[in-house]
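Enquirer: Provide a 3D model corresponding to the input given below.
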Amino acid sequence: MESNIKNIISDPKFPEMLRAARIKAGLSLADLSKMIDYIVSRQAIAKYEKGIMRPSEEVLKKIMQVIDIKMTPFEPGSAYTHDSLDDSIEKEVLVNACRPIIHLSELKSNARYCISFDNSEDIKESEEISNKNLHFYSSLEKRKKWFKKSFKEAKKDIVLRNETNLNHKQLLAIELIISEKMQNYIYLENLLNRELKFNWQYLMLDLYNELKFNPVYASEILRKLWKLGYEPIYNLLGLLEEKGIKVFSLELPFDFNSISGRYKGYPFIVVNSRLSAEKVRFNAAKELAFILVGFNNQEINEVNLDKFAISFLLPKKVLKDYLIPVGRKIAVGELNEIKMRYGISIIDFMKYALDINLITERRYRSFRELVLEKTWQLNEPADNIAKEYPFRFDRLLNYSVATGIFSMEKAASIANTSLDEFKTKIGVIF
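Expert: Modelled structure (predicted):
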């Protein structure tokens with residue numbers, strides 16, 4: 001405790017940490033002075049927050065009995081190590097000897113299987129399992145080795161998923177941009193005590209096998225776990241942010257669709273802001289699949305990743321209700337309605353409808369002829385879907401400025417933008 005008090009006092013970010021903690025507690029300077037029995041005045045506390053003075057250890061102990069001052073593990077631009085963070089990957093996945101690896105069909109039965117990383121046993125049974133399910137776990141030794149390798153790799157600053165169409169220089173550019181953005185993002189979250197962590201336990205579900213063999217079912221299970229039902233996902237990027245995935249919408253000087261990866265164990269998705277709204281949503285859903293299998297996607301083909309993305313955005317049951325009976329004629333207005341409600345390209349979901357036998361080959365040929373005739377491959381109808389943008393980082397930064405935790409200059413620096421641009425974006429504070 002004594003060393004922690006000293007570390008907090010000597011932390012260069014202490015003034016901001018103190019002000020942030022006081023504001024989050026809803027206390028004025030006078031309130032805080034009163035709650036610590038006036039051992040220092042409100043003027044003294046104001047000087048602490050401005051960095052003019054530092055409190056004594058006794059004073060800080062008293063203050064910390066009233067408000068929670070959270071030490072920031074790093075500040076933007078500073079060097080830090082993975083150990084200064086929470087080691088969430090290893091603590092949540094590797095350190096515990098027993099973690100559930102559940103085949104998706106077993107979610108209701110609560111059958112649990114455990115991988116041991118600390119002894120020679122590859123699998124332990126905590127409950128009876130039937131022989132019919134054993135084949136799902138025939139590659140557990142391979143899976144165990146992959147988990148160890150994958151999470152060891154996660155200790156690198158930044159790891160991008162493989163199998164991209166980008167060259168080495170383009171990947172390096174993204175790594176540099178995202179490293180800076182992620183560092184500032186995590187700093188801001190920690191300062192405000194607003195960190196959202198991605199649940200890496202999803203890796204323990206057997207999504208890898210389902211994405212490999214039955215991607216539609218995998219999307220249905222994820223919708224169930226996230227309590228999405230069959231309703232449209234009106235703000236996919238916002239949903240991903242709520243689940244602890246950092247999302248960035250970038251306009252880069254080269255063409256790309258999307259990419260995902262980990263930064264110090266934190267998952268992120270980067271989408272191309274130049275693309276249409278439906279393409280951004282599709283690409284983000286596809287990158288979600290990469291995250292859910294821990295980027296271990298070598299044996300999952302592109303078609304199945306596409307099917308997961310489409311069926312996650314547009315559930316099979318919904319599409320079936322629109323298109324049955326199979327073989328009937330379809331009005332363009334029906335397709336426009338599906339696109340507008342579920343935010344997905346007509347060309348994409350019609351190909352998907354053919355793949356899952358909701359339309360006939362003949363009907364699909366008629367559709368393709370219409371696409372060529374109307375040049376929909378260049379400009380689909382119903383193209384007024386609102387674009388989505390990730391807002392969480394901006395929301396936290398705006399809060400910091402509005403409450404006086406950051407100056408405009410400091411916030412502009414963290415946002416990596418000019419002061420004038422930031423002032424225009426944040427608008428009037430009243």
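Enquirer: Distance-wise, check residue 394 relative to residue 339.
Expert: Counting by C-beta to C-beta, to the nearest Å, the gap from residue 394 to residue 339 is 28 Å. Where C-beta positions appear, they are placed from N, C-alpha and C, glycine not excepted.
Enquirer: Could you do residue 210 as well?
Expert: In terms of C-beta to C-beta, residue 210 sits 27 Å off from residue 339.
Enquirer: Looking at those two, which has the bigger crowd around it?
Expert: residue 210 (26 against 22; other C-beta atoms under 10 Å).
Enquirer: Return the distance of that one relative to residue 221.
Expert: From residue 210 to residue 221 the distance is 7 Å (C-beta to C-beta).
Enquirer: likewise residue 228?
Expert: Counting by C-beta to C-beta - residue 228 and residue 221 are separated by 11 Å.
Enquirer: outside of the host helix or strand of residue 336, which residues touch it?
Expert: According to DSSP states H and E, residue 336 maps onto helix 332-342. Under the criterion C-beta atoms under 8 Å, 6 or more residues apart in numbering, residues 232-233, 278, 313-314, 318-319, 322, 344-346, 349-350, 370, 380-382, 385 lie in contact with helix 332-342.
Enquirer: likewise stretch 313-322?
Expert: 216, 219-220, 223, 230, 233, 236, 281-282, 285, 334, 337-338, 342-344, 349, 352-353, 356, 358.
Enquirer: Filter those down to just the buried residues.
Expert: Buried by 16 or more other C-beta atoms under 10 Å: 216, 219-220, 223, 233, 236, 281-282, 285, 338, 342-344, 349, 352-353, 358, out of those.
Enquirer: In strands only, show me those.
Expert: Residues of these located in strands (DSSP state E): none.
Enquirer: need the strands for the stretch 151-300 of the chain, in chain order.
Expert: Counting by DSSP state E, counting those that start in this stretch, one finds strands in the stretch 151-300 of the chain at the ranges 158-160, 246-250, 258-263, 266-272.
Enquirer: okay, those strands in JSON lines with mean pLDDT and mean neighbour count next?
Expert: Shown next, in JSON lines, are these (pLDDT from 0 to 100; neighbours: other C-beta atoms under 10 Å):
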{"stretch": "strand 158-160", "mean pLDDT": "88", "mean neighbour count": "18"}
{"stretch": "strand 246-250", "mean pLDDT": "95", "mean neighbour count": "21"}
{"stretch": "strand 258-263", "mean pLDDT": "93", "mean neighbour count": "24"}
{"stretch": "strand 266-272", "mean pLDDT": "95", "mean neighbour count": "24"}
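Enquirer: for those strands, which one sits closest to residue 428?
Expert: strand 246-250 (24.9 Å; C-beta to C-beta).
Enquirer: Strand 266-272 and the closest one, what's the angle between them?
Expert: Strand 246-250 runs at 20 degrees relative to strand 266-272, counting by axes from the mean of the first three to the mean of the last three C-alpha atoms, to 10 degrees.
Enquirer: what about residue 231, how many neighbours?
Expert: Quick note: residue 231 (other C-beta under 10 Å) scores 11 neighbours.
Enquirer: need the contact list for residue 355.
Expert: Residue 355 touches 303, 307, counting by C-beta under 8 Å, 6+ apart.
Enquirer: So what does residue 398 have for phi and psi?
Expert: Main-chain dihedrals, residue 398, degrees, to the nearest 10: phi -60, psi -40.
Enquirer: just to revisit the earlier point, what subset of the contacts of helix 332-342 is buried?
Expert: So, of the contacts of helix 332-342, 232-233, 278, 313-314, 318-319, 322, 344-346, 349-350, 380, 382, 385 end up buried under the neighbour-count rule (16+ other C-beta under 10 Å).
Enquirer: Looking at the residues you listed, spot the one nearest residue 428.
Expert: residue 385 (30.3 Å).
Enquirer: Shouldn't the closest one be within a helix?
Expert: No. Counting by DSSP: H, G, I helix; E, B strand; the rest coil, residue 385 falls outside a helix, being coil.
Enquirer: From what I see, it and residue 344 are in contact.
Expert: No. Using C-beta atoms under 8 Å as the test, residue 385 is too far from residue 344 to be in contact (9.1 Å).
Enquirer: shared neighbours of the two, anything?
Expert: residue 278.
Enquirer: give me the low-pLDDT residue ranges for the stretch 1-150 of the chain?
Expert: 1-3, 70-150 (pLDDT under 70).
Enquirer: Number of residues surrounding residue 366?
Expert: Residue 366 has 14 nearby residues by other C-beta under 10 Å.
Enquirer: Using PDB, list the CA coordinates for the helix or strand it falls within.
Expert: Assigning secondary structure by DSSP H and E places residue 366 in helix 361-374. This file holds the C-alpha atoms of helix 361-374, laid out as PDB (Å, rounded to 0.1, in the frame of the first residue of the first chain):
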ATOM      1  CA  GLU A 361     -30.800 -21.900 -60.000                       C
ATOM      2  CA  ARG A 362     -33.200 -20.600 -62.500                       C
ATOM      3  CA  ARG A 363     -34.400 -17.700 -60.300                       C
ATOM      4  CA  TYR A 364     -30.800 -16.800 -59.500                       C
ATOM      5  CA  ARG A 365     -29.900 -16.800 -63.300                       C
ATOM      6  CA  SER A 366     -32.800 -14.300 -63.800                       C
ATOM      7  CA  PHE A 367     -31.500 -12.200 -61.000                       C
ATOM      8  CA  ARG A 368     -27.900 -12.200 -62.400                       C
ATOM      9  CA  GLU A 369     -29.300 -11.100 -65.800                       C
ATOM     10  CA  LEU A 370     -31.100  -8.200 -64.000                       C
ATOM     11  CA  VAL A 371     -27.900  -7.200 -62.200                       C
ATOM     12  CA  LEU A 372     -26.100  -7.000 -65.500                       C
ATOM     13  CA  GLU A 373     -28.900  -5.200 -67.300                       C
ATOM     14  CA  LYS A 374     -29.300  -2.600 -64.500                       C
END
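Enquirer: Next, the spatially closest residue to residue 277 that is not a sequence neighbour: phi, psi?
Expert: In space, and not counting its chain neighbours, residue 277 is closest to residue 385: 4.2 Å by C-beta to C-beta, 6 or more residues apart in numbering. Torsion angles at residue 385 (phi, psi; degrees, to the nearest 10) stand at phi -70, psi 130.
Enquirer: tell me the contacts of residue 385?
Expert: 276-278, 339-340, 343.
Enquirer: mind running it again at 10 Å?
Expert: Shown in contact with residue 385 (C-beta atoms under 10 Å, 6 or more residues apart in numbering): 276-278, 280-281, 339-345.
Enquirer: Export the residues you listed as JSON lines, with columns for pLDDT and distance to residue 68.
Expert: As requested, those are exported to JSON lines (pLDDT from 0 to 100; distance: C-beta to C-beta, whole Å):
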{"residue": "276", "pLDDT": "92", "distance to residue 68": "44"}
{"residue": "277", "pLDDT": "94", "distance to residue 68": "40"}
{"residue": "278", "pLDDT": "94", "distance to residue 68": "43"}
{"residue": "280", "pLDDT": "96", "distance to residue 68": "38"}
{"residue": "281", "pLDDT": "97", "distance to residue 68": "38"}
{"residue": "339", "pLDDT": "96", "distance to residue 68": "47"}
{"residue": "340", "pLDDT": "95", "distance to residue 68": "46"}
{"residue": "341", "pLDDT": "95", "distance to residue 68": "44"}
{"residue": "342", "pLDDT": "96", "distance to residue 68": "42"}
{"residue": "343", "pLDDT": "95", "distance to residue 68": "40"}
{"residue": "344", "pLDDT": "95", "distance to residue 68": "43"}
{"residue": "345", "pLDDT": "95", "distance to residue 68": "47"}
